[in-house]
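*Asks:* got a sequence here, can you model it:
(chains A and B)
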Protein chains: 2
Amino acid sequence: MNAKQPFVANQAQVDEAAIAPLPNSRKIYVEGSRPDIQVPMREISQSDTPTGMGGEKNPPIYVYDCSGPYTDPTAKIDIRAGLPALRQQWIEERGDTEVLNDLTSDFGRERAGDKALDELRFPGLHRKPRRAKAGTNVTQMHYARQGIITPEMEYIAIRENMQREKYLADLKNSGPQGDRLAKLLGRQHPGQAYGAAIPPVITPEFVRDEIARGRAIIPNNINHPESEPMIIGRNFLVKINANIGNSALGSSISEEVDKMTWSIRWGGDTVMDLSTGKNIHETREWIIRNSPVPIGTVPIYQALEKVDGKAEDLTWELFRDTLIEQAEQGVDYFTIHAGVLLRYIPMTANRMTGIVSRGGSIMAKWCLAHHKESFLYTHFEEICEIMKAYDVAFSLGDGLRPGSIYDANDDAQLGELKTLGELTQIAWKHDVQVMIEGPGHVPMQLIKENMDLQLEWCDEAPFYTLGPLTTDIAPGYDHITSGIGAAMIGWYGTAMLCYVTPKEHLGLPDKDDVKEGIITYKLAAHAADLAKGHPGAQIRDNALSKARYEFRWDDQFNLGLDPDKAREFHDETLPKESAKVAHFCSMCGPHFCSMKITQDVRDYAAKQGIAETEALEKGMEEKAIEFVKTGAEVYRKV
Amino acid sequence: MNAKQPFVANQAQVDEAAIAPLPNSRKIYVEGSRPDIQVPMREISQSDTPTGMGGEKNPPIYVYDCSGPYTDPTAKIDIRAGLPALRQQWIEERGDTEVLNDLTSDFGRERAGDKALDELRFPGLHRKPRRAKAGTNVTQMHYARQGIITPEMEYIAIRENMQREKYLADLKNSGPQGDRLAKLLGRQHPGQAYGAAIPPVITPEFVRDEIARGRAIIPNNINHPESEPMIIGRNFLVKINANIGNSALGSSISEEVDKMTWSIRWGGDTVMDLSTGKNIHETREWIIRNSPVPIGTVPIYQALEKVDGKAEDLTWELFRDTLIEQAEQGVDYFTIHAGVLLRYIPMTANRMTGIVSRGGSIMAKWCLAHHKESFLYTHFEEICEIMKAYDVAFSLGDGLRPGSIYDANDDAQLGELKTLGELTQIAWKHDVQVMIEGPGHVPMQLIKENMDLQLEWCDEAPFYTLGPLTTDIAPGYDHITSGIGAAMIGWYGTAMLCYVTPKEHLGLPDKDDVKEGIITYKLAAHAADLAKGHPGAQIRDNALSKARYEFRWDDQFNLGLDPDKAREFHDETLPKESAKVAHFCSMCGPHFCSMKITQDVRDYAAKQGIAETEALEKGMEEKAIEFVKTGAEVYRKV
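*Replies:* A predicted model of the protein is given here:
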């Protein structure tokens, strides 16, 4: 590690790289049924088709945007103040929560009272924590099951739809050219959804129904009102999560905040703070207050720090206090490894790589040391009580996930999965939202079994998988070994994919690694959306391909997931600005280009006095008839 | 482009980066039934398991090695002299070829006589070209169909098997520890092979039978005796190809030779030289003479250069001369776009991206200009005559492959595929080896259809696909969008995967891009081998995972596809040499580590006076009974 400047709160600044708008992009907001429902999207404008190729006016393309206010030049960004509390009013008007005078957790109060921490403490929170009133339940699932459509649900419906219908209808109605473009951009291959039931239009009522059914979750703690609602479920767009967090060995608060803003810029739908080093509490506060996406944690990590790494010293009381501490900061979902049961632990002894989940191994150690089931399992209903008082969602951890191809789909893993299904039913009894974590390392032919068993045993609660890695032989490239598995399991029905960076198994990811992991998973998730036939998913592919075909280089870059890298790669071979409008590319050079020839083919046909398709067909038919008449000898000797 | 030194033949040197042995690796040769059958493999030695974890002696691991003599420190490498002609004797003793006094092709003779080219000409070829005697057929398929097992076939059988049986048997017989290790390393999940019929052991007779059946090919031109035989077929290990080649815009002969040696170092099974710029003939000579892997080309590219890029000026005579020119240099397979028929061309007019195959668009333009079927189609049997005189294999090109998700699996693409199946039958009638090229851009749910139709229509001739890319929205990451599709189609039955680099669609790949593409495709091919259940494929995964679990960092790096990058990534976070033997990693730090805890779990069990598994099970059983006896209340209130 390089020597670092100590982090000082009053000098904290946003990472400049995270706030520039993406090229040719503009943040727009779509208003819902009330003026405070303002759903963000990114509008990417395009240049016109070159005159020689028809001169079409290409419409802007709208894409799902996770970056929050950061990429909005009109937003005032001050990470010392945090983001505006956009959901505050919705939470308040439900009238089922109360503002607490002080933090409930002992640890939270202790940290708050520690003057030595003032220098690095987040200074911008002037709000008291909030909790459900006694006897009430403030989860989105609870509302959904009472038939209530919350503003969060409406927000999500707008966000998932991207106004696709209106967009295509407006385009179609804008004239013959628009009609052609609407057909071209809107065309999509039928999907194979393996039992998912994605409607053509996501309505607020559909969102409510999916939440009530437990088939989707909206992770949004009432103490994280800064978050923009998003949904995780197999009938919605596939989401991705980015892990950040310091360890005992490295990185500071500012680095972690930077990783968060960087993650969401490139498309992280949620961020997990997996910090295990110093000042976990304060780091988390900075992240949450500045995060427009849901934040997840693994509370046992912090609990373990509190007992100096001695798993056997963990207690339910300590863990409970940690849950409340984090719930009152605003963590949106907790990974809880409650499925690590005594009877599964011996099943791991013959594994190649034992227990690789950190949470799983902590709980296994605890179980063995105490010879009893873990407090996560024995106190599960009490945990549910805490979850529903803040609307924290469960991410039921797969503590026994396989850490190698060898260990894939073994009894320990599948036994735990079955238990997670049982725990899902208990959480649902409390109207607490649940998703289920999944593997890990799995060869391709065994991936679908994971998905099928999860759907069956966990009754379609959203699956949230790490990869899976499809081979173990490529350390340094595990974003790719796992991106393959991620795309496939996303297609089969996984709702959220936890990214893997190139540093997996080797070291702590830096910002470049975070971006590489995000983009890899974003493209895997999108490949899954396409394969499932998610309505409208292909619009962006179609638009980018059209730009590529028409040599609109800048549009091709800008419509991609990473315009900066695409531009940089292009410029390495053809750096001149004029090359961006050139009708050739660096692969074949100016002399000959297959794209150009296709155009020549069309032009050639046009020159024969007939226009495009039908003409070409006619011309060819005539020639074909002629060809047949003249003998049609395919293998004439010359 | 940076300014370059002009290439001068007598100063050409091998890329130093290509000749260092890989870490802890040693080139070994396994002798066949005759002393001149020496099959190379890479032996990766491992360190012992740490004493505290059992102190096992870990056996070396053997991996398939494409790098030829370059990584053999005992080999004398001089790229001005080229590689030794290891197959020369086998070719000569068959007695069915004759040495020509001069090159047959006009163009080849013209270049050979041009004194101005002396400065950049490959100086090391002192052999005359060779051709089948009149009336004979020198293809491996021809021999196979006559029941002859060639030395090439035996070589391949040894190469594909990697002596797996002997390796595991020797290990098993080396004592109780060896027995345990043989079981551990040899264990593999059952595959799902979708109709492939991979035998437990590849025999020379099996190789012969697959070649005779047309289900596999051995691309090895009699004028490329430097090549180490390898096989492409669905019942063998999945192979990968790397494309290199200069264009009008960049790169020199030495850069292309460097890319070739670099490609094979990292695992390229074949290399295609797609040069379109200057001195194509001389560049190719340098590449072939120094290549231990088969070299493929697209002869129409060079033919087009000869008519200054005017597709309509191409003639059969010119093309024929080009085929012979390249066949006498030793090109092992030719991409021939003979399936681009007149009737398919109009089907591309309504595409999003028209015709993106360069060869396809050249032929389409020619067809339209002349209003007749291409000379590739009309002279197909004459092409077969040339192919069988040198044993050049067909790679029947997919000139109408889709260039976008939009265009996937359309009538033009599938029509051409059907024609390629018909051409396969014609080639087989001549005992000429054939593989079939495939797409392109295909969303995941449509990939299998490609494979299934190819198997059916082309009667199981090996499929050789580019990707496919599973989405269009990630320029700069198309090695990954396509790596996903490649792994899947490899699983479904594709025999060779043509790599895609991160620069795809954007620019010319440099050496870093070539490596990134190779490793991505190597891991995709391996993931496919695992999924198909290829015997022994999992040994390397198992060994690497064991090393990972035992914190044998160096072994973990060395067993991976890219030891250099793995080591570099690790050192970024934990640079000290001592960290390579540390029992923790940078993710969790020295304080707590899940791998370590698993060990603690085992140790804990051992301390109870009982050893490992059964003990753990017993202990747990006792405790579980106790747990049940004491009430087994899972949700006791605290």
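*Asks:* got phi/psi on the residue in the stretch 301-450 of chain A that chain B sits nearest to?
*Replies:* Among the residues of the stretch 301-450 of chain A, residue A:354 lies closest to chain B, at 3.0 Å counting by Cβ to the nearest Cβ. From N, CA and C alone the C-beta is placed, and that goes for glycine too. The phi and psi values for residue A:354, taken as degrees, to the nearest 10, are phi 50, psi -140.
*Asks:* ok, residue A:65 touching residue A:26?
*Replies:* No. Counting by Cβ atoms under 8 Å, residue A:65 does not reach residue A:26; the two are 10.5 Å apart.
*Asks:* tell me the contacts of residue A:502?
*Replies:* Contact partners of residue A:502, counting by Cβ atoms under 8 Å, 6 or more residues apart in numbering or on different chains, are A:476, A:477, A:478, A:479, A:509, A:513, A:516, A:517, B:569.
*Asks:* how about the fifth one: what's its closest non-neighbour residue?
*Replies:* Closest residue to residue A:509 in three dimensions, ignoring its sequence neighbours and counting by Cβ to Cβ, 6 or more residues apart in numbering or on different chains: residue A:501, at 4.0 Å.
*Asks:* same check, this time on the last one
*Replies:* The shortest distance from residue B:569 to any residue that is not its chain neighbour, by Cβ to Cβ, 6+ apart, is 4.1 Å, and that residue is residue A:506.
*Asks:* quick one: that neighbour and residue B:570 touch, right?
*Replies:* Yes. With contacts counted by Cβ under 8 Å, residue A:506 reaches residue B:570, the gap being 4.6 Å.
*Asks:* where do the helices sit along the stretch 501-638 of chain A?
*Replies:* Ranges of helices in the stretch 501-638 of chain A, per DSSP state H, counting those that start in this stretch, are A:511-532, A:538-549, A:553-559, A:563-573, A:594-607, A:612-629.
*Asks:* coming back round to it: looking at the contacts of residue A:502, spot the one nearest residue B:525.
*Replies:* residue A:477 (13.0 Å; Cβ to Cβ).
*Asks:* need the contact list for that closest one.
*Replies:* Under the criterion of Cβ under 8 Å, 6+ apart, the neighbours of residue A:477 are A:502, B:519, B:520, B:523, B:561, B:562, B:565.
*Asks:* what about 7 Å?
*Replies:* In this structure, residue A:477 makes contact with A:502, B:519, B:520, B:523, B:562, judged by Cβ atoms under 7 Å, 6 or more residues apart in numbering or on different chains.
*Asks:* out of these, who's the most crowded?
*Replies:* Compared across the contacts of residue A:477, residue B:520 has the highest neighbour count, 31 neighbours, by other Cβ atoms under 10 Å in any protein chain shown.
*Asks:* show the pLDDT at that one.
*Replies:* pLDDT for residue B:520: 98.
*Asks:* in terms of helix, strand or coil, where does residue A:62 fall?
*Replies:* Following DSSP: H, G, I helix; E, B strand; the rest coil, we place residue A:62 in the strand state.
*Asks:* near it, how many other residues are there?
*Replies:* Neighbours of residue A:62 (other Cβ under 10 Å): 19.
*Asks:* was I right to think it contacts residue A:40?
*Replies:* No. At 10.5 Å, residue A:62 and residue A:40 do not qualify as touching, with contact defined as Cβ atoms under 7 Å.
*Asks:* would you map out the domains in chain A?
*Replies:* With the TED database as the criterion, the domains of chain A are listed as A:204-531, A:583-637.
*Asks:* residue ranges of the strands in the stretch 151-300 of chain A, please?
*Replies:* Under the criterion DSSP state E, counting those that start in this stretch, the stretch 151-300 of chain A contains strands at A:216-217, A:232-233, A:239-244, A:270-273, A:295-297.
*Asks:* now swap in the stretch 1-150 of chain A and tell me
*Replies:* A:25-31, A:38-44, A:61-64, A:97-99, A:130-132.
*Asks:* can the second one be found next to chain B?
*Replies:* Okay, so that is strand A:38-44. No. Contact between strand A:38-44 and chain B is absent, the nearest approach being 11.1 Å (criterion: Cβ under 7 Å from any Cβ of the partner chain).
*Asks:* residues of that strand that come out buried?
*Replies:* By neighbour count, with 16 or more other Cβ atoms under 10 Å in any protein chain shown as the criterion, the buried positions of strand A:38-44 are A:39, A:40, A:41, A:42, A:44.
*Asks:* repeat that for the first one.
*Replies:* Neighbour-count burial for strand A:25-31, with 16+ other Cβ under 10 Å as criterion, is recorded at A:25, A:27, A:28, A:30.
*Asks:* same question, stretch A:73-89
*Replies:* Across stretch A:73-89, burial judged by 16+ other Cβ under 10 Å covers A:77, A:79, A:80, A:82, A:83, A:85, A:86, A:87.
*Asks:* how far does it stretch from start to finish?
*Replies:* 24 Å (Cα to Cα, to the nearest Å).
*Asks:* contacts for that stretch?
*Replies:* A:9-10, A:12-14, A:19, A:21, A:36, A:68-70, A:123-125, A:220, A:225-228, A:257, A:289-290, A:292.
*Asks:* quick one: which of the buried residues of strand A:25-31 is nearest to chain B?
*Replies:* When those are compared for distance to chain B (Cβ to the nearest Cβ), residue A:25 wins out at 14.3 Å.
*Asks:* write down the beta-bridge partners of the closest one, one by one.
*Replies:* In this structure, residue A:25 has the following beta-bridge partners (DSSP bridges): residue A:44.
*Asks:* thought residue A:42 was touching it, still the case?
*Replies:* Yes. Counting by Cβ under 7 Å, residue A:42 is a contact partner of residue A:25 at 5.2 Å.
*Asks:* and residue A:530, what does it touch?
*Replies:* Counting by Cβ under 7 Å, 6+ apart, residue A:530 touches A:537, A:538, B:405, B:443, B:471.
*Asks:* where does the stretch 501-638 of chain A have low pLDDT?
*Replies:* Low-confidence regions of the stretch 501-638 of chain A, defined by pLDDT under 70, span residues A:575-638.
*Asks:* the same query, at a cut-off of 90, please.
*Replies:* Residues of the stretch 501-638 of chain A that meet the criterion pLDDT under 90 lie in A:507-508, A:572-638.
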